[in-house]
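K.L.:
Sequence first, predicted coordinates after that:
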Amino acid sequence: MNSDLLGILVLYFLTLALAWPLGRYLARVFKGEKNALDFLTPLEKGIFRLAGLDARREMSWQQHMVALLTINLVWFLLAMLVLCTQGSLPLNPDANPSMSPDLAFNTAISFLVNCNLQHYSGESGLSYLSQLVVITFLQFVSAATGIAAAVVVFNALQTRATDKLGNFYQYFVRSLTRLLLPGSLGLALLLVFSGTPMTLQGKQPLVTLQGDSVAVARGPVAAMVAIKELGTNGGGFFGANSAHPLENPTYLTNAAENLALCIIPVAMVFALGFYLNRRRLALMIFGVMTVGFVALLAPTVYYELQGNPALSPLGVEQPLGAMEGKEVRFGAAASAYWSITNTVISCGSVNSMHDSFMPLSGLSQLLGMMTNAFYGGCGVGLLNFFAYLIIAVFIAGLMVGRTPEFLGKKIEAREMKIAVIVTLLHPLLILAGTALATHTYVGNPTEYAGWLANPGFHGFSEMLYEFTSSAANNGSGFEGLGDNTPFWNCTTGVVLLLSRFLPIIGPVAIAGLLARKKYVPEGAGTLPADTATFGVMVLAVIVIIAALAFFPALALGPLAEHFSLY
Amino acid sequence: MKTQLLPAFRLTLVLLVLCAVLYPALIWAGAHLAPGGGQGVTVRHHGRVVGFANVGQKFDRPEYFNSRPSAVDYNASGSAGSNKGPSNPEYLAEVHTRVEAFLQQNPTVKAGNVPAELVTASGSGLDPHLSPAGAYAQVARVARLRRLPVVRVRALVAAHVEEPIFVFFGPAKVNVLALNLALDDLAPLPRR
């Protein structure tokens, strides 16, 4: 077996081996049981005292959501303020200008919602103050927000009937102190010792060996890159994201960053099992997610290792696979693995340029974001999956003629409506957005010529990808798209907002409604949710919804391009 | 919502100090112990900083081992890939031109054997590496222009091949800047 494939296999199993104990640890943290980082309790108490919060007050699901939305609003205003004035604020050694209001709107929203779509390049678009106070800060708190929301759902799925679902600030702050901060610290130190800069000095001008004058951009990179991956944020310090040799210097840092972005989403699935003491249920969820993940990974690795069929007739030898947009130190296999982990998980960092991937690889990346529930983002991946679960329970219940129940709670019309709205909102935003963009472009191709870097089917894929990435809160892109225009900044900004908060509120509401209901002990008449049969059912629901919603759009873009190439 | 606004604001301030000041400061302090002291690892030649160890630079003079095509011309004040799709006719024409130019400069290489990375742009535009094949394909040309025996140049490349990590993981590669520095030490660049 070649060294490229072995590298990604070891990486995947290492991720699982670490995610299992991390899941157990997280369950203990959020249940408030004894755990290894209890020495941080005074720090957390200090935080709550300074903020004037009572972290023991139990909240209903509505109170949770009010708390979540309020603090998100504060962060949005802070981000807008800094981004629009960064040009005249300190820590700006390269004298980068303030952002235009539409770009600031897009950027603030994008990082607030954990998407990290970037319509600027870090080297020229942000000051170091913005990188720290807006970008790094939001990368921490948006990830913690997602995790806290997922924990509310964990809490609600217990067997008792109650309104009280713990304290939002408690979950939120603990996600930071017990998970994201220590984890990022470790990863950042590894990066720093591998050659990633962590400095407040500006670009370094130099004359190269053969005599060209260039400048090398630097900055407080390591701190930001660590939380970018661990928090499944994905927004790069530099324009080229983790393809940049200072942001991701070696094959080992690449493996570490890739592991970091996968570990929390996977661990959260296991944490659900430990938290509810339903490990079989967690394994069922993990199994379904893994089947989906592998189904998207396999073709991508295959096609990238094969190389671009259009290059061979030109006399190019491709023993390493398709190298356009890829770095030699990672190779095609690790780049393909990275691209699929980053699209099924809503991280969206890139170590190679997705725009230059083979058409079916691009299709797999798109499908990863269109389903958005195979592992998924920090906390929110599980919330998306939860909506699919509810639908599957309902359909399965109807098929076998039993009352639809999930974990001993009856699923009724109200929960179903919410689940369906959340699930269908996603394709609606993607398809309506793409339709609007395509319509605008076709109406005046000369005026919008700057939008597309590639003609034909691939150009359509670029627009489809941008809206899919926004709606999935992913943030990666077919970066050939000229997206820093008021049209793209505003439309994707709106899509980002809707597709972050509704898919959080919906599942939390369902869980909150279920929590209030009387617990019916599971008996002979119950449809068991922790079996392989039910897993197949859930997978079928996900596949059918994705196929019905997205097949026509995919046929016009990547599929058409594939058949024109092969 | 109103009653939540003040605590939310205060919590934000506290967390700003924690996540955007203390956390980066800790890493910044740790970075002073790292190679390069957190400024990035620079490479010196005859006392002059000629580049960063990890950041690729442009080598297009035929007397050097050439680096990959770059969408940002190796100016590291920015970074980007070409973002060209695999079926884009303009892109394919561009690759065709690069292949022709390479074959002309390296007549010992047969058509059909041009290493892919030498005619495709990297993701960052700053790729510091080539595959061993990409370096070996240029040996004959470099040896001729530097008036060195081919075997010596070939041995120089072989000495600069970085094998997969622990023999098993990831691709083998050659750092182009390190290789060219060693080349300059072996046979100084002829004056034009």
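P.N.:
On my side now, so go ahead. Everything numeric in this text was worked out from a predicted model, so none of it was measured.
K.L.:
How about the contacts made by the spatially most central residue of chain A?
P.N.:
Centroid-nearest residue in chain A: residue A:346, 1.7 Å away (criterion: Cα atoms, centre = their mean). For residue A:346, the contacting residues are A:114-115, A:232, A:234, A:369, A:372, A:376-377, A:380-381, A:472-475, taking Cβ atoms under 8 Å, 6 or more residues apart in numbering or on different chains as the criterion. Bear in mind the C-beta positions are built from the backbone N, C-alpha and C, glycine included.
K.L.:
One more pass at 10 Å, please.
P.N.:
Under the criterion of Cβ atoms under 10 Å, 6 or more residues apart in numbering or on different chains, the neighbours of residue A:346 are A:113-116, A:146, A:232-234, A:261, A:265, A:368-369, A:372-373, A:375-378, A:380-381, A:384, A:469, A:472-476, A:500.
K.L.:
Okay, and which of these map to helices?
P.N.:
Counting by DSSP state H, the contacts of residue A:346 place A:146, A:261, A:265, A:368, A:369, A:380, A:381, A:384, A:469, A:500 in helices.
K.L.:
Please list which of these also come close to chain B.
P.N.:
For chain B, no contacts are drawn from the ones in helices among the contacts of residue A:346 by Cβ under 10 Å from any Cβ of the partner chain.
K.L.:
and the spatially closest residue to residue A:18 that is not a sequence neighbour, how far is that from residue B:108?
P.N.:
Once flanking residues are discounted, residue A:18 sits nearest to residue A:263: 5.9 Å by Cβ to Cβ, 6 or more residues apart in numbering or on different chains. Between residue A:263 and residue B:108 the distance is 48 Å, computed by Cβ to Cβ, to the nearest Å.
K.L.:
in the helix or strand that contains residue A:9, what's buried?
P.N.:
Element membership of residue A:9, judged by DSSP states H and E, is helix A:3-31. Within helix A:3-31, the residues scored as buried using 16 or more other Cβ atoms under 10 Å in any protein chain shown are A:3-4, A:6-8, A:11-12, A:15, A:19-20, A:22-31.
K.L.:
Show me what that helix is packed up against.
P.N.:
Judged by 3 or more Cβ pairs under 10 Å, 6 or more residues apart in numbering or on different chains; DSSP states H and E, the packing partners of helix A:3-31 are helix A:137-156, helix A:168-175, helix A:251-276, helix A:279-306, helix A:331-344.
K.L.:
between those, which one is nearest to residue A:411?
P.N.:
Closest to residue A:411 of these is helix A:137-156 (Cβ to Cβ; 13.5 Å).
K.L.:
okay, the angle between that closest one and helix A:251-276?
P.N.:
Orientation check (axes from the mean of the first three to the mean of the last three Cα atoms, to 10 degrees): helix A:137-156 against helix A:251-276 gives 30 degrees.
K.L.:
I'd like to check which residues are in contact with residue 139.
P.N.:
Unless you meant another one, I'm taking chain A. A:111, A:114, A:116, A:180, A:184, A:223-235, B:19.
K.L.:
Wait, chain B was what I had in mind.
P.N.:
Residue B:139 makes contact with B:65, B:106, B:108, B:148, B:150-158 under the criterion Cβ under 10 Å, 6+ apart.
K.L.:
try 7 Å this time
P.N.:
B:150, B:153, B:154, B:157 (Cβ atoms under 7 Å, 6 or more residues apart in numbering or on different chains).
K.L.:
distance of the second one from residue A:296?
P.N.:
By that I understand residue B:153. If you measure residue B:153 against residue A:296 using Cβ to Cβ, the figure is 44 Å.
K.L.:
Likewise for residue A:505?
P.N.:
According to Cβ to Cβ, residue A:505 and residue A:296 sit 28 Å apart.
K.L.:
just residue A:566 next, same as before
P.N.:
The gap separating residue A:566 from residue A:296 is 19 Å, by Cβ to Cβ.
K.L.:
Just want to know which of the two has more residues nearby.
P.N.:
More neighbours sit around residue A:296 than around the other of residue A:566 and residue A:296, counting by other Cβ atoms under 10 Å in any protein chain shown; the figures are 22 against 12.
K.L.:
Would you mind measuring from that one to residue A:96?
P.N.:
In this structure, residue A:296 lies at 37 Å from residue A:96, with Cβ to Cβ as the measure.
K.L.:
Check residue A:491 too.
P.N.:
Residue A:491 sits at a distance of 25 Å from residue A:96 (criterion: Cβ to Cβ).
K.L.:
again with residue B:94
P.N.:
Per Cβ to Cβ, residue B:94 is found 31 Å from residue A:96.
K.L.:
Quick check, pLDDT for residue A:170.
P.N.:
The model reports residue A:170 with a pLDDT of 96.
K.L.:
Enumerate every residue touching the closest residue to it other than its chain neighbours.
P.N.:
The shortest distance from residue A:170 to any non-neighbouring residue, by Cβ to Cβ, 6+ apart, is to residue A:55 (4.4 Å). Contacts here follow Cβ under 7 Å, 6+ apart; on that basis residue A:55 touches A:48, A:167, A:169, A:170.
K.L.:
can you pick the most crowded of these?
P.N.:
Each of the contacts of residue A:55 was scored by neighbour count (other Cβ under 10 Å); the top score is that of residue A:169, with 26 neighbours.
K.L.:
Let me see the contact set for residue A:500.
P.N.:
For residue A:500, the contacting residues are A:113, A:114, A:473, taking Cβ under 7 Å, 6+ apart as the criterion.
K.L.:
Of those, just say which sits nearest to chain B.
P.N.:
Taking Cβ to the nearest Cβ as the measure, chain B lies nearest residue A:114 of those, at 14.6 Å.
K.L.:
about what we covered before: which one of the ones in helices among the contacts of residue A:346 is nearest chain B?
P.N.:
Out of the ones in helices among the contacts of residue A:346, the one with the shortest distance to chain B is residue A:469. That distance is 14.4 Å, counting by Cβ to the nearest Cβ.
K.L.:
Test my guess that that closest one contacts residue A:477.
P.N.:
Yes. Contact between residue A:469 and residue A:477 holds when scored by Cβ atoms under 7 Å: they sit 5.8 Å apart.
K.L.:
who's in contact with stretch A:317-324?
P.N.:
The contact list for stretch A:317-324, computed with Cβ under 7 Å, 6+ apart, reads A:304-308, A:311-312, A:331-332, A:356, A:358, B:82, B:84, B:112-117, B:120-121, B:131, B:133, B:171.
K.L.:
Pull the contacting residues for residue A:509.
P.N.:
A:61, A:418.
K.L.:
Now it: which helix or strand?
P.N.:
In this assignment (DSSP H and E), residue A:509 forms part of helix A:486-516.
K.L.:
Now that helix: average pLDDT?
P.N.:
Averaging the model's pLDDT scores along helix A:486-516 yields 94.
K.L.:
ok and it relative to helix A:137-156, angle-wise?
P.N.:
Taking the same axes, to 10 degrees, one finds helix A:486-516 and helix A:137-156 inclined to each other by 30 degrees.
K.L.:
From residue A:420, how far off is residue A:413?
P.N.:
As defined by Cβ to Cβ, residue A:413 lies at a distance of 10 Å from residue A:420.
K.L.:
swap that for residue A:368, sorry
P.N.:
Between residue A:368 and residue A:420 the distance is 22 Å, computed by Cβ to Cβ.
K.L.:
Give the residue from the two that has the larger number of neighbours.
P.N.:
Neighbours per residue, other Cβ under 10 Å: of residue A:368 and residue A:420, the larger number sits with residue A:368, 30 against 16.
K.L.:
Would you agree that one is in contact with residue A:347?
P.N.:
No. With contact defined as Cβ under 7 Å, residue A:368 does not count as touching residue A:347 (10.7 Å).
K.L.:
for residue A:453, what are its contacts?
P.N.:
A:355, A:462, A:480, A:481, B:83, B:84.
K.L.:
before we move on, back to that, report the buried members of the contacts of residue A:139.
P.N.:
A:111, A:114, A:116, A:180, A:184, A:223-235, B:19.
K.L.:
residue in the stretch 201-350 of chain A nearest to chain B?
P.N.:
Of the stretch 201-350 of chain A, the residue with the smallest distance to chain B, taken as Cβ to the nearest Cβ, is residue A:243 at 3.3 Å.
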